[in-house]
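Student: predicted model, plus sequence, below.
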Amino acid sequence: MNSSRHSDPQRGFPAPLPWLTRAGATPHVPGSPPEIISNLRALLAEIAGDGTIDRPFTWPDAGTSISLRKAVHALGTCGLVKREGRPTRLSLTDEASYFLDSGDELYLVALFHAHIRFFGEALAALGEGLAHNELNEVAAEVYGLRWDSLDQVRRRVYWLRAA
């Protein structure tokens with residue numbers, strides 16, 4: 001989906017998609033919280049420079065190469081990348097371009113909230129000082145997200161810590 005249809009990055013934060021159309025999983029980008037946003041920026045810059053999907057990509061400081069397709073697959077549907085044409089090429093959404101140009105990490109959090117279930121909601125619940133297991137209970141009891149492990153909660157907290 002072209003997320004630019006529901007927001008204008010120059011006018012404010014992206015409008016959240018309807019709950020059931022948001023992704024259930026958060027993007028996976030390698031690195032520690034201080035590293036994942038710079039790694040994400042490197043991936044987005046690479047896509048902006050050349051959207052050829054089946055070419056090699058190396059995460060900063062990783063040393064090993066993977067396909068750009070695999071790196072983008074790990075992002076999921078978080079509102080950053082579009083797939084277009086035949087053969088498929090990658091391009092950035094307007095929101096991803098804005099984030100890449102501005103470096104606005106708060107905007108990235110808002111973009112993830114707009115595209116990922118229980119992202120902004122997790123941030124609101126964290127304001128109460130909840131542990132991961134308590135946050136998982138909020139996800140289940142309030143939002144109907146019943147995860148068997150704390151992995152999805154930890155991933156959300158990881159991104160929030162990074163931003």
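Tutor: Structure's in. What do you need? Numbering: from 1, shown residues only.

Student: when you work out contacts or count neighbours from here on, use the C-alpha atoms and nothing else.
Tutor: OK.

Student: quick one: low-confidence parts of the chain?
Tutor: Applying pLDDT under 70 to the chain flags residues 1-11.

Student: buried residues, the lengthiest helix in it. List them.
Tutor: Taking DSSP state H as the assignment, the helix of the chain that covers the most residues is helix 33-49. Residues 33, 36-48 are the ones in helix 33-49 that count as buried (16 or more other Cα atoms under 10 Å).

Student: confirm for me that Ala162 is in contact with Pro33.
Tutor: Yes. Using Cα atoms under 8 Å, Ala162 is in contact with Pro33, at 4.3 Å.

Student: hang on, the earlier thing: okay if I get the buried residues of helix 33-49 as CSV plus distance to Asp148?
Tutor: Shown next, in CSV, are the buried residues of helix 33-49 (distance: Cα to Cα, whole Å):
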residue, distance to Asp148
Pro33, 24
Ile36, 25
Ile37, 27
Ser38, 30
Asn39, 28
Leu40, 27
Arg41, 31
Ala42, 32
Leu43, 30
Leu44, 32
Ala45, 35
Glu46, 35
Ile47, 34
Ala48, 37
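
Student: ok, which stretches of this protein are helices?
Tutor: Listed in chain order, the helices of the chain (DSSP H) span residues 33-49, 68-73, 94-102, 105-115, 120-126, 132-143, 151-162.

Student: of those helices, flag the one that's most buried.
Tutor: Using mean count of other Cα atoms under 10 Å, the stretch among those with the greatest mean number of neighbours is helix 105-115 (a mean of 22).

Student: packing partners of that helix?
Tutor: With contacts defined as 3 or more Cα pairs under 8 Å, 6 or more residues apart in numbering; DSSP states H and E, helix 105-115 has these neighbours: helix 94-102, helix 120-126.

Student: one more time with 10 Å
Tutor: Applying 3 or more Cα pairs under 10 Å, 6 or more residues apart in numbering; DSSP states H and E, one finds that helix 105-115 makes contact with helix 94-102, helix 120-126, helix 151-162.
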